[in-house]
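Undergrad: Generate a structure from the sequence data that follows.
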Amino acid sequence: MSSPVRYRCTSCGNLTRFDVTSTRRTRAYHHFTVGGELTVEDEQVLDDHVESVECRWCGSAGRVEVLDPAAQPVSEG
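TA: Have a look, this model is predicted:
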């Protein structure tokens with residue numbers, strides 16, 4: 001499993017709160033009970049495209065960068 005993408009706002013320095021708009025295409029097993037209740041199982045992401053990332057703190061769209069995973073510290077725990 002790949003590491004989640006980390007972001008940083010170049011305007012305010014925020015590292016933790018972002019509004020991410022994305023389009024995702026999935027394949028999933030839908031299991032309905034006799035009463036009609038749905039449980040989604042075995043969901044696979046076939047395609048995931050991030051359209052925009054906006055800083056939740058300052059709202060600065062277009063000023064958010066993707067952090068390099070190699071530059072991030074590894075937590076030991």
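
Undergrad: What residues of stretch 6-13 count as buried?
TA: Buried residues in stretch 6-13, counted by 16 or more other CB atoms under 10 Å: 7, 8, 9. In this view, the C-beta of every residue, glycine as well, is placed from N, C-alpha and C.

Undergrad: any residues touching it, and which ones?
TA: Residues outside stretch 6-13 that contact it (CB atoms under 8 Å, 6 or more residues apart in numbering) are 14-15, 18, 53, 55, 57-58, 60, 63-67, 69, 72.

Undergrad: one step back: which of the buried residues of stretch 6-13 fall within strands?
TA: Members of the buried residues of stretch 6-13 lying in strands (criterion: DSSP state E): 7, 8, 9.

Undergrad: Please determine how far the second one is located from residue 21.
TA: Distance of residue 8 to residue 21, given as CB to CB, to the nearest Å: 18 Å.

Undergrad: Dump the longest strand along the chain to CSV, restricted to CA.
TA: In the chain, taking DSSP E as the definition, the longest strand is strand 38-55. This file holds the C-alpha atoms of strand 38-55, laid out as CSV (Å, rounded to 0.1, in the frame of the first residue of the first chain):
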residue,chain,number,x,y,z
LEU,A,38,-26.6,-2.3,1.7
THR,A,39,-23.1,-3.3,2.8
VAL,A,40,-20.2,-2.4,0.4
GLU,A,41,-17.4,-4.9,0.5
ASP,A,42,-14.1,-5.5,-1.4
GLU,A,43,-13.9,-2.0,-2.9
GLN,A,44,-11.0,-1.5,-5.3
VAL,A,45,-9.9,2.0,-6.5
LEU,A,46,-9.5,1.7,-10.3
ASP,A,47,-8.6,5.4,-10.9
ASP,A,48,-8.2,8.4,-8.6
HIS,A,49,-7.6,11.9,-10.0
VAL,A,50,-7.1,14.9,-7.7
GLU,A,51,-8.7,18.0,-9.3
SER,A,52,-7.9,20.6,-6.7
VAL,A,53,-6.5,21.1,-3.2
GLU,A,54,-7.4,24.1,-1.2
CYS,A,55,-6.0,25.2,2.2
